[in-house]
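1. what's the 3D shape of this:
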Amino acid sequence: PAIQKRCNFAYKEPPNPDIVRRQWDSVYCSAARILPGSPTTPLSDERVLNSTLDVPGDGNCLFYALSYLITGSISQHYKLRKTI
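-> I've put the predicted structure just below:
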């Protein structure tokens, strides 16, 4: 029978945030089967937005962000939220 590996994430206060960040990257890359720096893994992409947008603080910020990324406007956040 196949053995499935499960990731258990228990939060502990990190002695050094940089070490924890590197460990998280390692777990994330392993889980996604991505090799950091491999030819098929872009290290940067100019098409990715790198700016900020002020949105209302009403608990819908994730859906505002997704709506903005998909449509270029936050106005479709409710429709997106209903769909998801």
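2. Report the secondary structure element holding Leu80.
-> Element membership for Leu80, per DSSP states H and E: helix 77-83.
3. Show me what that helix is packed against.
-> Secondary-structure packing of helix 77-83 (3 or more CB pairs under 8 Å, 6 or more residues apart in numbering; DSSP states H and E): helix 61-71. Yep, even glycine has a C-beta here, placed from its N, CA and C like the rest.
4. Go through the helix it packs on and flag the buried ones.
-> Going by neighbour count (16 or more other CB atoms under 10 Å), the buried part of helix 61-71 is Phe63, Tyr64, Leu66, Ser67, Tyr68.
5. so what pLDDT did the residue lying closest to Leu66 once chain neighbours are set aside get?
-> Spatial nearest neighbour of Leu66, excluding adjacent residues (CB to CB, 6 or more residues apart in numbering): Leu80 at 5.7 Å. Note for Leu80: predicted pLDDT of 86.
6. ok, Leu80 touching Ala65?
-> No: counting by CB atoms under 8 Å, Ala65 is not a contact partner of Leu80; they are 10.1 Å apart.
7. Contact partners for the residue nearest to Leu66?
-> Residues counted as contacts of Leu80 (CB atoms under 8 Å, 6 or more residues apart in numbering) are Phe63, Leu66, Ser67, Ile70.
8. Redo these as JSON lines? Include distance to Ile84 and pLDDT.
-> Shown next, in JSON lines, are the contacts of Leu80 (distance: CB to CB, whole Å; pLDDT from 0 to 100):
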{"residue": "Phe63", "distance to Ile84": "8", "pLDDT": "90"}
{"residue": "Leu66", "distance to Ile84": "8", "pLDDT": "86"}
{"residue": "Ser67", "distance to Ile84": "11", "pLDDT": "86"}
{"residue": "Ile70", "distance to Ile84": "11", "pLDDT": "83"}
